[in-house]
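>>> Test case, fold it:
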Amino acid sequence: MLVVVVPVLNEAAFIEACLKSILPQAREAGAAVMVMDGGSTDGTQAIVAALAQLNPELTLHDNPKRIQSAAVNLAARSAPDSATLLLRVDGHCLYPPSFIAECIAALKAHDATSVVVPMRTVGTGGLQKAIAAVQNSRLGNGGAPHRAGGRSGFVDHGHHALFDRQFFLRLGGYDETFSHNEDAELDRRAIAAGGRIWMCSEATVTYFPRRTLGALARQYFKHGVGRMRTLRRHRLKPRPRQLAAPAILVLCVLSLVLMPVSMWFAIFPFAYALACLLWAITSAGRARDPWLLGVAPAAIIVHMAWAFGFLSEFFAARRHVSRSAS
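Predicted coordinates:
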């Protein structure tokens, strides 16, 4: 048996379309769909409740801890004993018609313990289109395989989809102290425990990004914090693409501090901002869409917010170690 878990918190803008993309597949697979709501105040619960009246496989549940890691864990623990598979569905996404079938087939065919999928980011209009363009590009994703249309094959991380439920529970599920990057942290434990993670490129999902620069900054700050926590916990070395944004932030700050000494120090931040602007102009020109000029500020916010979160967690951990030693 398959259980589909959908963690949500204030997803009124997307949840109906998301559920309508997954419910027919779930019904065909004989799956239960559990929406785990973290206390939405925007009407999400009413939308889900209305859909549940028409779809008996859909149920709405409370997630007292609010965050998505806790939601998936709660569903995994409370699912019927007959449930052998657990599928994570995110309320900000749309799913292709064969998503469930492709994921299950991949898990079985490759003797995997979990299946991950690529993401295609789509903006519905305005600045969201620029944010989507950044997240789809190397400028914004650094070439991460699941963000860059990765090929099918075994990987060490990707956008989470299907799990062998018993293996997920043996690992202890997600670490609920992580509000972001809980997926990458779990993947490290899964591989250490002998897990096999398959990237299924045939099941690419559509993701809708944040709509404002403020929301984007908050999201990427938390992603940066989560990434550093994962690196520290598992004693991993950061990859070059993970060091790029922190390096840019440090060099920009140093340049600004040294500008009173010589204006030549303004070259680096100027060159960085110009590179982002040229990328934005090129994107807008190719698409003939002036909204894509917003790629420049969106890219800068993605880099700076992620780097600030990454470095703030690094220095916070160093201070904690210093206090403990003293």
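
>>> give me the beta-bridge partners of the residue positioned nearest the centre of the chain?
Centroid check for the chain by C-alpha atoms, centre = their mean gives H159 as the closest residue, at 6.7 Å. With beta bridges defined as DSSP bridges, H159 has these partners: V117.

>>> Would you check that it makes contact with V117?
Yes. Between H159 and V117 there is a contact under C-beta atoms under 8 Å: 5.3 Å. Yep, even glycine has a C-beta here, placed from its N, CA and C like the rest.

>>> Give me the phi and psi angles of L86.
When read as degrees, to the nearest 10, the backbone of L86 gives phi -130, psi 120.

>>> and it, how many neighbours?
26 (other C-beta atoms under 10 Å).

>>> Same question for A271.
A271 has 11 nearby residues by other C-beta under 10 Å.

>>> Do a quick rundown of the strands in the stretch 101-250 of the chain.
Ranges of strands within the stretch 101-250 of the chain are 114-117, 119-121, 153-155, 159-164, 197-199, 205-207, based on DSSP state E, counting those that start in this stretch.

>>> could the ones you listed go into JSON lines alongside mean pLDDT?
Output for these, formatted as JSON lines (pLDDT from 0 to 100):
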{"stretch": "strand 114-117", "mean pLDDT": "97"}
{"stretch": "strand 119-121", "mean pLDDT": "92"}
{"stretch": "strand 153-155", "mean pLDDT": "95"}
{"stretch": "strand 159-164", "mean pLDDT": "96"}
{"stretch": "strand 197-199", "mean pLDDT": "97"}
{"stretch": "strand 205-207", "mean pLDDT": "95"}
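
>>> Deepest-packed of the ones you listed, please.
strand 114-117 (a mean of 27; mean count of other C-beta atoms under 10 Å).

>>> so what does that strand touch, helix or strand wise?
Strand 114-117 sits against helix 99-109, strand 159-164, strand 197-199, with contacts defined as 3 or more C-beta pairs under 8 Å, 6 or more residues apart in numbering; DSSP states H and E.

>>> Neighbours of the closest residue to S201 other than its chain neighbours, how many?
Of all residues not flanking S201 in the chain, S152 sits nearest, at 4.5 Å (C-beta to C-beta, 6 or more residues apart in numbering). Residues lying near S152 (other C-beta under 10 Å) number 17.

>>> The chain should start at 556 in everything you say after this.
Fine by me, first position is 556 from now on; the one you just mentioned is S707.

>>> hang on, the earlier thing: quick one: which of the strands of the stretch 656-805 of the chain is nearest A587?
strand 714-719 (14.7 Å; C-beta to C-beta).

>>> And the contacts of that closest one?
Residues outside strand 714-719 that contact it (C-beta atoms under 8 Å, 6 or more residues apart in numbering): 631, 639-643, 654, 658-659, 661-662, 667-674, 701, 738, 741, 755, 758, 760.

>>> Taking helix 654-664 as reference, get the angle to that strand.
Orientation of strand 714-719 against helix 654-664 (axes from the mean of the first three to the mean of the last three C-alpha atoms, to 10 degrees) gives an angle of 60 degrees.

>>> ok, longest helix in this structure?
helix 850-880 (DSSP state H).

>>> Who are the packing partners of that one?
Secondary elements touching helix 850-880 (3+ C-beta pairs under 8 Å, 6+ apart): helix 682-691, helix 693-696, helix 768-788, helix 795-813, helix 822-842.

>>> what is the rounded mean pLDDT of that helix?
For helix 850-880, mean pLDDT is 87.

>>> same deal with stretch 773-783?
Confidence for stretch 773-783, expressed as mean pLDDT, is 97.

>>> For it, give me every contacting residue.
733-737, 739-740, 765, 797, 800, 856-857, 860-869, 872.

>>> Which positions within that stretch qualify as buried?
Using 16 or more other C-beta atoms under 10 Å as the test for burial, stretch 773-783 gives 774-783.

>>> same deal with stretch 632-642?
Neighbour-count burial for stretch 632-642 flags 634, 638, 640-642 (criterion: 16+ other C-beta under 10 Å).

>>> So which bits of stretch 657-666 are buried?
Buried residues in stretch 657-666 (16+ other C-beta under 10 Å): 657-659, 661-662.

>>> Sweet, I'm off.
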